[in-house]
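Student: predicted model and sequence below, questions to follow.
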Amino acid sequence: MKLQNIILLAVLVVLSGCKKPSEQEEGQTAIKDEIQALENRYAKAVSSKVLDSIMPYYADDAVSYDSEAKPLSGKKSIRASINNKSSAYPESEQMTFTVTEVFPSSDAEQVVEIGHYQVKDSKGIAYGSGNYFALFEKRDGKYVCIRDIQTPDTPRKVAVK
């Protein structure tokens, strides 16, 4: 009888340690997956330099902050900047964006994302990386970026005079 009680107690202890994810955790994981999918499409579009594929990432009234320039307001300014910067990158460049954390509002209408980006050459050798924050807002049932800021891991070197 004592052995049965010990086995039953052991089973109960093991089962009590098996915690199911809460609805909130599951919802946050789904949002993180959705934002990562947006970042993957954005990276593919940036790497292919197809501006029309890049721009759906941004809301019409988005503001983009770059560590090396003044803030860009609106899709038109962001598009011009991306077009200008992408012309300097090699055709074989590949960018990746990795979502590290998401912080959705209580109603999930807005999400703050923290992530890391990396730029690789045609041989897969990383030659640039950095971190970013993005604020997404759900519009017409889809998340769009309304604010973003990025900074490279290695600051641009300034010539000493």
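Tutor: Now that the structure is in, tell me what you want to look at. Residues are numbered from 1 along each chain as shown.
Student: so A108 is in which element?
Tutor: Using DSSP states H and E, A108 is not contained in any helix or strand.
Student: so the closest residue to it other than its chain neighbours: helix, strand or coil?
Tutor: In this structure, A108 finds its nearest non-sequential neighbour in I31, 6.3 Å apart by CB to CB, 6 or more residues apart in numbering. (C-beta placed from N, C-alpha, C; glycine too.) Secondary structure assignment for I31 (DSSP: H, G, I helix; E, B strand; the rest coil): helix.
Student: and I31, how many residues sit next to it?
Tutor: Each residue near I31 was counted by other CB atoms under 10 Å, and the total is 20.
Student: packing partners for the longest strand belonging to the chain?
Tutor: The longest strand of the chain (DSSP state E) is strand 126-139. Secondary-structure packing of strand 126-139 (3 or more CB pairs under 8 Å, 6 or more residues apart in numbering; DSSP states H and E): strand 110-120, strand 142-152.
Student: for these, give me TSV that also has distance to K44, mean neighbour count and mean pLDDT.
Tutor: Output for the helices and strands packed on strand 126-139, formatted as TSV (distance: least, CB to CB, whole Å; neighbours: other CB atoms under 10 Å; pLDDT from 0 to 100):
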stretch	distance to K44	mean neighbour count	mean pLDDT
strand 110-120	13	18	95
strand 142-152	16	17	95
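Student: could you dump those strands to CSV with distance to Y132?
Tutor: Formatted as CSV, those follow (distance: least, CB to CB, whole Å):
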stretch, distance to Y132
strand 110-120, 5
strand 142-152, 4
